[in-house]
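**Q** requesting a structural model of the entry that follows:
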Amino acid sequence: MSRLSPDGPVPLWRRLPTNLPIAYLLWLISLGLAIGDFFFGRILAVSLAEIAGLGYWQVSFIDRLSVVLLGLAGAVLVILIEYWYRTGVEKRRLWPRFAKMTVWQIGLIVAGMLAAPFTEG
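**A** As a prediction, the model looks like this:
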């Protein structure tokens, strides 16, 4: 069964956002970026603590706390991203939603990379 519009066949670039498998492929890409966010978010948290001049024990506490908080946030984020992308397919908003998610994920990775030289260990 084909979906024909009154104007003729729908071009491929207009059909792609309606495909649910594309949403799950983009979700896997976001999942990979979320893993990178976890590691670079941890680096960023430790770097900011060291820049603030905190002592060894305080930095160690912030490091461990960031692991717990980023892990919990990542678990919740993975579920929410899947829902957000799946509903984006229905509303034909998949690509803008993927762009918004990817921009802040890459921004966190870049911030962690820029802060990495400030860590001692």
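**Q** got the phi/psi numbers for A52?
**A** Dihedral pair for A52: phi -70, psi -10, per degrees, to the nearest 10.
**Q** equivalent analysis for the one 5 residues further on, please.
**A** Comment: the main-chain dihedrals of W57 come out as phi -70, psi -40, following degrees, to the nearest 10.
**Q** any idea how far R92 is from the closest residue to L26 other than its chain neighbours?
**A** Spatial nearest neighbour of L26, chain neighbours left out: F98 (4.8 Å); criterion: C-beta to C-beta, 6 or more residues apart in numbering. C-betas here are computed from N, CA, C, even on glycine. Look at F98 and R92: by C-beta to C-beta, to the nearest Å, they are 13 Å apart.
**Q** who has more neighbours out of those two?
**A** Comparing F98 with R92 by neighbour count (other C-beta atoms under 10 Å), the higher total belongs to F98, at 22 against 11.
**Q** please give the element, helix or strand, for L44.
**A** helix 20-51 (DSSP states H and E).
**Q** for stretch 48-67, measure first residue to last.
**A** One end of stretch 48-67 sits 15 Å from the other (C-alpha to C-alpha, to the nearest Å).
**Q** show residues contacting that stretch.
**A** 41-42, 45-46, 115, 118-120 (C-beta atoms under 8 Å, 6 or more residues apart in numbering).
**Q** ok, and the most crowded of those?
**A** V46 (23 neighbours).
**Q** what sits against that one?
**A** Contact analysis of V46 by C-beta under 8 Å, 6+ apart lists 59, 62-63, 66, 119.
**Q** let's go with 6 Å and repeat that
**A** 63, 119 (C-beta atoms under 6 Å, 6 or more residues apart in numbering).
**Q** how close does it sit to A34?
**A** Distance from V46 to A34, by C-beta to C-beta: 19 Å.
**Q** name the helices or strands packed onto the helix or strand harbouring the residue nearest to L26?
**A** Counting by DSSP H and E, the element that carries F98 is helix 94-115. On a contact count with 3 or more C-beta pairs under 6 Å, 6 or more residues apart in numbering; DSSP states H and E, helix 94-115 meets helix 20-51, helix 56-90.
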